[in-house]
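K.L.:
my questions concern the predicted model and sequence given below.
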Amino acid sequence: MTQPATAREEAQRRFKAAWNDSQSGGSPPDLDAFLAPFEEPERSAVRAELLELDQLFRRRSSDEMAAGSGTWTAPQPNHRHTAATRPRRRLARIFVFGLLLGLIGLGGWLILIYFLPEYHLRQARRALDRQRYTEALEHLNKADHLRPRSAEIHLQLARVHRLLGEFSKADEHLRRYKDLKGQTEEGQLERLMLRAQTGEVEKVFRLLWRYVEEKRPEAPVVLQALSYGFIEQELYGPAQKCLNEWRKVAPDNIQGLVCEAWFLDRNGGGAPEARENYLRALELDPSRADIRLRLAYAYLGQQRDKDAIEQFKQVLRPQPDNEIAQLGLAQATLNLGKVEETREMLQSFLKEHPDNSTALYTMGMAAMQENDYPQAEKWLRKSLEQKPQDGMAIHNLMECLRRLGKEKEIPELKRRMDQITQDRRRLEDLKRTKLQMPPFDPEVCYEVGVIHERLGEQTQAAQWFARTLKYDPNHQKALKIAVKYLEQMGDKDTAKDLKARIRRTEEEPPVFSASMIGLLSAPFGQGPLLGTSALIAGSTGK
């Protein structure tokens with residue numbers, strides 16, 4: 001119940017009287033004694049007024065007593081002062097609130113420009129350590145967006161793009177790094193590794209190998225780049241040397257395990273050692289679907305079809321459109337004698353990929369299992385249209401023709417198959433015994449190029465002819481082939497120049513510059529070829 005205004009005035013009057021009485025030597029009045037008649041919220045308001053009077057009494061009493069005044073007049077409460085302080089308090093609260101918001105905003109800005117890029121850099125390093133290059137690239141791109149002038153981020157981006165086979169992007173980030181940081185050993189090393197993976201591995205081998213000889217911390221990444229470079233150039237002798245060293249210095253490097261397994265099973269025979277490498281790599285990172293796919297093909301090569309099917313299905317659950325897994329599953333299913341199930345898979349696949357040679361070949365094999373040789377012949381011929389040097393397709397087509405009584409074509413097919421078999425064996429022998437370490441015999445390089453050209457492998461042929469001219473710029477046969485390639489590429493001027501030099505005597509050797517050699521392989525060899533693409537995380541190479 002609220003007291004009438006006269007009660008508050010009476011309380012103030014009595015409080016003043018008590019203070020006047022206290023000037024005669026008594027104690028100051030007890031404030032609570034004057035609040036008893038009031039109830040909340042009136043009690044709080046009266047307390048505030050009496051407190052203000054109490055402070056004024058004490059201050060004025062002190063001043064007047066010091067001046068020797070004998071008369072003391074009680075002050076009156078200042079209601080206008082109380083009302084005037086309220087807007088100032090409100091402004092103070094607004095100021096404090098705005099200051100807090102500003103501090104929060106400043107903290108957010110600091111997090112954005114410093115802590116968030118550092119977070120993405122840490123995550124990228126973790127992904128790189130596990131050879132998850134695509135994941136690392138995602139984090140590095142986010143860090144680069146927040147900190148575009150960071151030399152460290154550009155260097156890391158160059159490395160990831162190189163490992164993914166995206167060499168032009170790697171070069172772009174390396175140039176940006178040099179603009180920001182200048183010439184550094186880290187930048188020079190990354191440039192050398194990029195050159196190793198883009199056709200210059202023989203030139204930079206000695207410069208990079210010292211990191212291995214000196215047992216530097218960079219040795220594992222150097223050996224990875226050298227292994228990729230030599231495999232891409234099909235120089236299997238030095239590739240094996242680099243792989244062996246890589247596995248010694250980093251035995252549990254996932255990509256090292258995968259690279260060695262691919263090398264051991266590059267002919268697709270299902271080498272047991274390769275299978276063990278894939279199993280170990282999956283122990284280290286079970287989420288790597290690309291490694292699981294390789295393991296499935298290793299099982300397929302060993303005729304462990306049920307194990308292969310299990311692995312293919314695991315890949316297809318999160319990736320139902322994975323073409324390589326679809327084909328592998330169809331092949332393994334056919335090996336178990338499930339012809340109708342295989343045919344359904346392949347018919348669905350061929351609707352999307354009508355020219356896939358593996359699918360066409362497998363359809364032919366399914367028809368052969370049902371003794372439907374006319375259909376088998378049709379499918380195998382379609383497969384050979386897409387891949388004329390497929391020895392297995394030629395062999396099975398010969399069998400179909402025998403069953404159908406079409407003997408006339410068989411001798412020519414046998415001649416083709418024997419030539420392919422002979423060429424493959426000769427290539428393997430040359431690369432194993434004659435091409436161990438550079439410099440190489442230019443005649444051996446030329447023969448390797450000729451065999452690749454005969455097998456219809458133009459990319460590899462161009463590389464080996466270019467290597468021939470590197471070691472012997474006067475090699476007449478290689479120069480003639482260089483003219484052919486240059487004309488196909490539309491470089492008529494350079495081709496004309498080479499033609500003129502071919503007709504000159506050997507007393508005046510033709511000048512074949514490095515840029516001309518580059519022209520031979522650049523249209524074909526500046527991206528990852530079969531060798532390197534087979535090693536990139538996420539690729540299968542099958």
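P.N.:
Good, I have the coordinates. Since we're looking at a predicted model, the values are computed, not measured.

K.L.:
only C-alpha atoms from now on, for both contacts and neighbour counts.
P.N.:
Noted.

K.L.:
where does pLDDT dip in the protein?
P.N.:
Counting by pLDDT under 70, the chain contains low-confidence residues at 1-5, 23-26, 61-89, 96-99, 101-114, 267, 269, 501, 503-542.

K.L.:
care to break it down by domain?
P.N.:
As assigned by automatic domain parsing, the chain contains the domains 5-77, 252-336, 338-433, 454-533.

K.L.:
what's the span of the third one, first residue to last?
P.N.:
Distance across domain 338-433, first residue to last, is 43 Å (Cα to Cα, to the nearest Å).

K.L.:
returning to what we had before: closest to Val212 out of the domains of the chain?
P.N.:
Val212 sits nearest to domain 252-336 of all the domains of the chain, at 15.4 Å, using Cα to Cα.

K.L.:
where's Asp161, which helix or strand?
P.N.:
You called it Asp, but residue 161 is His. Taking DSSP states H and E as the criterion, His161 maps to helix 151-163.

K.L.:
and what of Phe263?
P.N.:
helix 254-264.

K.L.:
try Glu377
P.N.:
Glu377 is located in helix 373-386, with elements delineated by DSSP H and E.

K.L.:
flag every buried residue along that helix.
P.N.:
For helix 373-386, the neighbour count (16 or more other Cα atoms under 10 Å) marks Tyr373, Gln375, Ala376, Glu377, Lys378, Trp379, Leu380, Arg381, Lys382, Ser383, Leu384 as buried.

K.L.:
tell me how many other residues surround Asp321.
P.N.:
For Asp321, the neighbour count with other Cα atoms under 10 Å is 12.

K.L.:
on that earlier part again, please save the CA atoms from the helix or strand following the helix holding Phe263 in CSV.
P.N.:
Downstream of helix 254-264, the first helix or strand assigned by DSSP H and E is helix 272-284. Output of helix 272-284 as CSV, limited to C-alpha atoms (Å, rounded to 0.1, in the frame of the first residue of the first chain):
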residue,chain,number,x,y,z
PRO,A,272,51.3,-60.7,-54.4
GLU,A,273,53.7,-58.0,-53.2
ALA,A,274,51.5,-55.4,-54.7
ARG,A,275,48.5,-56.7,-52.9
GLU,A,276,50.3,-56.6,-49.6
ASN,A,277,51.3,-53.0,-50.2
TYR,A,278,47.7,-52.0,-50.9
LEU,A,279,46.4,-53.8,-47.8
ARG,A,280,49.0,-52.0,-45.7
ALA,A,281,48.1,-48.6,-47.2
LEU,A,282,44.4,-49.3,-46.4
GLU,A,283,45.4,-50.0,-42.8
LEU,A,284,47.0,-46.6,-42.6
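
K.L.:
now the element after helix 272-284, going C-ward?
P.N.:
helix 289-301.

K.L.:
so what touches that following helix?
P.N.:
258, 268-271, 274-275, 278-279, 281-282, 305, 307-312, 315, 325, 328, 332, 537-540 (Cα atoms under 8 Å, 6 or more residues apart in numbering).

K.L.:
got the contact list for the helix or strand Ala332 falls within?
P.N.:
Using DSSP H and E, Ala332 maps to helix 323-335. Helix 323-335 is contacted from outside by 293, 296-297, 300, 305-306, 308-309, 312-313, 315-316, 339, 341-342, 345-346, 349, 358-359, 362, 366, 542, using Cα under 8 Å, 6+ apart.

K.L.:
now find how far off-centre stretch 51-62 is within its chain.
P.N.:
77 Å (Cα atoms, centre = their mean, to the nearest Å).

K.L.:
give me the buried positions along that stretch.
P.N.:
Residues of stretch 51-62 classed as buried: Glu52, Leu53, Asp54, Leu56, Phe57, Ser61 (neighbour count, 16+ other Cα under 10 Å).

K.L.:
ok, now stretch 262-269?
P.N.:
By neighbour count on 16+ other Cα under 10 Å, the buried set for stretch 262-269 is Trp262, Phe263, Leu264, Asp265, Arg266, Gly269.

K.L.:
likewise for stretch 124-137?
P.N.:
Ala124, Arg125, Ala127, Leu128, Gln131, Arg132, Tyr133, Thr134, Ala136, Leu137.

K.L.:
what about Glu283, neighbour count?
P.N.:
12.

K.L.:
and Lys480, how far from Glu487?
P.N.:
Noted for Lys480: a distance of 11 Å to Glu487, by Cα to Cα.

K.L.:
oh, that last question was meant for Asn335, not what I typed.
P.N.:
Look at Asn335 and Glu487: by Cα to Cα, they are 46 Å apart.

K.L.:
which of those two has more neighbours?
P.N.:
Remark: of Asn335 and Glu487, Asn335 carries more neighbours, 19 against 15, as counted by other Cα under 10 Å.

K.L.:
coming back round to it: nearest to Gly199 among the buried residues of stretch 51-62?
P.N.:
Glu52 (91.0 Å).

K.L.:
name the element that closest one belongs to?
P.N.:
Glu52 belongs to helix 42-67 when elements are defined using DSSP H and E.

K.L.:
show me what that helix is packed up against.
P.N.:
Contact here means 3 or more Cα pairs under 8 Å, 6 or more residues apart in numbering; DSSP states H and E; on that basis helix 42-67 packs against helix 5-22.

K.L.:
got the buried residues for the helix it packs on?
P.N.:
For helix 5-22, the neighbour count (16+ other Cα under 10 Å) marks Arg8, Ala11, Gln12, Phe15, Lys16, Ala18, Trp19, Asn20 as buried.
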